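Engineer: Starting from these lines, generate the structure:
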Amino acid sequence: MKKVLSAAALSAAFAAAPACAQVSHVYLGAGVGIANTDSSEFSWKILGGYQHDRHWGIEAAYTDFGNYRGSGADSLSLAFTGTLPLDRRWALMAKAGVASNRTRVAGSSDHADALLGIGVAYAVSRRFGLRLEYEQYGKIEAPGGAFNDRASNLALVGKISF
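Structural biologist: Purely as a prediction, here's the structure:
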């Protein structure tokens, strides 16, 4: 599943490259937050995306959930994004896609699940923006695993458009 997500993310980035020659729609970002798995932990993420127009885009991300049951957990995700501009600077956003969740707990395996997210965005300038987002990653372990935990993340993300 990770190979499929990685290939899709790279394909989206390369497909977006010719389109961004005229207008800046490609972006990169990073964020920090609080992940909730079996406990609340410091999290961080990096992301890249392509904003097709004011309302629709696609985004790939890597999120590290921090410590999970004495080990670690992370996710690779690919999602479609929807944006509802409120004025020149503020917008509401939502995302839906797929997340490939991985834990490093002995005996666990990767698990793909639905990714859903909501947030509010603020354009600091034409090329730099901030957003506060909440994302739900689904189950963090494959069915039949020792645990039935779900992963969520509340993060403050900064992004730069090119």
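Engineer: Grab the nearest non-local neighbour of residue 89.
Structural biologist: Excluding the flanking residues, the one nearest residue 89 by Cβ to Cβ, 6 or more residues apart in numbering is residue 123, at 4.8 Å. From N, CA and C alone the C-beta is placed, and that goes for glycine too.
Engineer: try residue 41
Structural biologist: Excluding the flanking residues, the one nearest residue 41 by Cβ to Cβ, 6+ apart is residue 66, at 3.1 Å.
Engineer: swap in residue 28?
Structural biologist: residue 48 (5.1 Å).
Engineer: any idea how far the strand or helix carrying the one you found is from the chain center?
Structural biologist: Here residue 48 sits within strand 40-51, counting by DSSP states H and E. Taking Cα atoms, centre = their mean, to the nearest Å, one finds the center of strand 40-51 at 5 Å from the center of the full chain.
Engineer: Distance from the helix or strand hosting residue 98 to the middle of the chain?
Structural biologist: Per DSSP H and E: residue 98 is located in strand 90-103. Distance of strand 90-103 from its chain centroid, counting by Cα atoms, centre = their mean, is 5 Å.
Engineer: list the helices and strands it packs on?
Structural biologist: Here strand 90-103 touches helix 2-19, strand 56-68, strand 71-85, strand 111-123, strand 128-139, going by 3 or more Cβ pairs under 8 Å, 6 or more residues apart in numbering; DSSP states H and E.
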